[in-house]
Each structure stands twice: as C-alpha cells, then as structure tokens.
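*Asks:* show me the folded form of this:
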Amino acid sequence: MILVVALTGILTHFLPFSSFFRNVDTLVHELSHALATLALSGKVNVIHLYWDQSGITQSSFPSNWMAIPISLAGYIGSALFALLLFALYAKRYERAGLIVVTVLAAIAVVLFVRNGYGIIWCVGFAAVSALVAYLAPPWLRNGYYMLIAFICLVESVVSPFIILFASLYNPSSAGDAANLAQATHVPALIWCLVFAAISLLCAKVSTSLLFKRGFGKEQTTLAQ
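*Replies:* Residues are numbered from 1 along each chain as shown. The predicted model follows:
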C-alpha cells in the first residue's frame, strides 16, 4: 500500500497539468466541512479554492462544540471519498464516479465558491469531467478516472502528514488539527495522528480494491 501511494504520488506530480487536478482533493475537503456544517444546522458563508491546492471554508454555527465534527470532516471526508472512487472502480462504475465529481464541482460553484480562481477551476473541471464521462472512448475515460482517483488517494494520505509535521514545530499552523486542539484542549499532534491513521486505513482498503479488479481489466462474457 505504501509503495503504491509513493509511486503514484511521484508519477502524478510529473504529469502535465497534474497541479490542476490536485484541487479535486481540496474541493472534497472543503465540501466535507460544508456538509458537516449544514448537517448541524449551521451556515456556510463561502468556500475559496486557490492555485496552490489550499482552500478555506468560512462558516457559522450556533454552538461551540460543533467546531469539533466540522473540523473533523475535512480530512476524513477526503479519505472516504478516495475510498469511494476505488470502490466504484472495483465495480466498473467509472462513468458514475466522473458524474459524481462533476456534480460536486457544479454544486460547489453554484452554492459556495466565490473567489475568482475557485470559480474558474470548478467550471473548467466540471466541463472536462462531463465531456470525458459522456464523449471519451472507454480507454480515455478510464485513464482519466484513475488519474482523479489516484490523486485523491495520494493527497488524502499526504495532507495529514503535512499538518502532522507542522504541528511538531508550530501547532497553531496545523489547520483543522489546530482548530480541534482549541475546541477540545487535546494537542494538535494527537488529532494529526488520528487523521493520518484514518487516511492510511482508507488507503489500505482502496489499494486492496484496486488489486482486486486489477489494472485495465475488462469484463468479458461468452455468448452461446
């Protein structure tokens, strides 16, 4: 599992325009915060997505304790979404997966995303994904889908470790873990370890689903 994540991380970083597609994970992360906020009857004010794959969700909610599940939702949501993409791959539902990411980008730009780069990115990504889902030949559609799935997998694993290292030197810069530390008085490092453990578990299941189907295997039937 670690080898798969490491190799795909290296390969995807060398692909042309890979930085553009890495914002998929950022989108899912921020939408997970938004979904948790709405589930708790809070209000999502705005989502911003940036060119460096960072993002922010500004929200308001009636009770301080709600900061805990809302802050937890980002990294956990990203890890679970990567798992979902590989589960769809194992079932040969690549087109359905592309429809899902297209709808997410469309919902985000209509309801939440308000900065210039974020709007352009969501519109562009939704358009490309929709075209690939419905017009591309199977080999291109599946290849594009696996690019998105692997990027989500890699970013969902790498991101918790980035804030983990940040928490060692400057806990206040550890993003969601810093928010959780403020809300619970549990050190940011502990929350980073929780995020890392969940992401690794989801990555393990994702890679098992990948190898269960294999790479590029097409289902065949015999007609009599």
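*Asks:* pLDDT value on the most centrally placed residue in the chain, please?
*Replies:* With distances taken as CA atoms, centre = their mean, the residue of the chain nearest its centroid is Asp25 (3.0 Å). Asp25 is assigned a predicted lDDT (pLDDT) of 94.
*Asks:* return the distance of it relative to Glu94.
*Replies:* Distance, Asp25 to Glu94, using CB to CB, to the nearest Å: 18 Å. From N, CA and C alone the C-beta is placed, and that goes for glycine too.
*Asks:* what do you get for Ser159?
*Replies:* Distance from Ser159 to Glu94, by CB to CB: 24 Å.
*Asks:* and for Trp191?
*Replies:* Distance from Trp191 to Glu94, counting by CB to CB: 34 Å.
*Asks:* now the helices: where do they sit in this structure?
*Replies:* Secondary structure of the chain (DSSP state H): helices at 2-14, 18-21, 23-39, 67-90, 94-111, 116-135, 138-169, 176-184, 188-213.
*Asks:* so which of Trp191 and Glu94 has more stuff around it?
*Replies:* Neighbours per residue (other CB atoms under 10 Å) separate Trp191 from Glu94, with Trp191 holding more: 29 against 22.
*Asks:* residues contacting the more buried one?
*Replies:* Ala174, Asp176, Ala177, Leu180, Ala181 (CB atoms under 8 Å, 6 or more residues apart in numbering).
*Asks:* name the member of those with the most neighbours.
*Replies:* Of these, with other CB under 10 Å as the count, Ala177 tops at 28 neighbours.
*Asks:* just to check, that one is in contact with Ala188?
*Replies:* Yes - counting by CB atoms under 8 Å, Ala177 touches Ala188, with 4.1 Å between them.
*Asks:* name the residues contacting each of those two.
*Replies:* Both Ala177 and Ala188 are contacted by Ile163, Ser167, Pro171, under the criterion CB under 8 Å, 6+ apart.
*Asks:* and the residue nearest to the last one when sequence neighbours are not counted, how many neighbours does it have?
*Replies:* Distances taken as CB to CB, 6 or more residues apart in numbering place Ala188 nearest to Pro171, at 4.3 Å, with adjacent residues excluded. Neighbourhood size, Ala188 [other CB under 10 Å]: 25.
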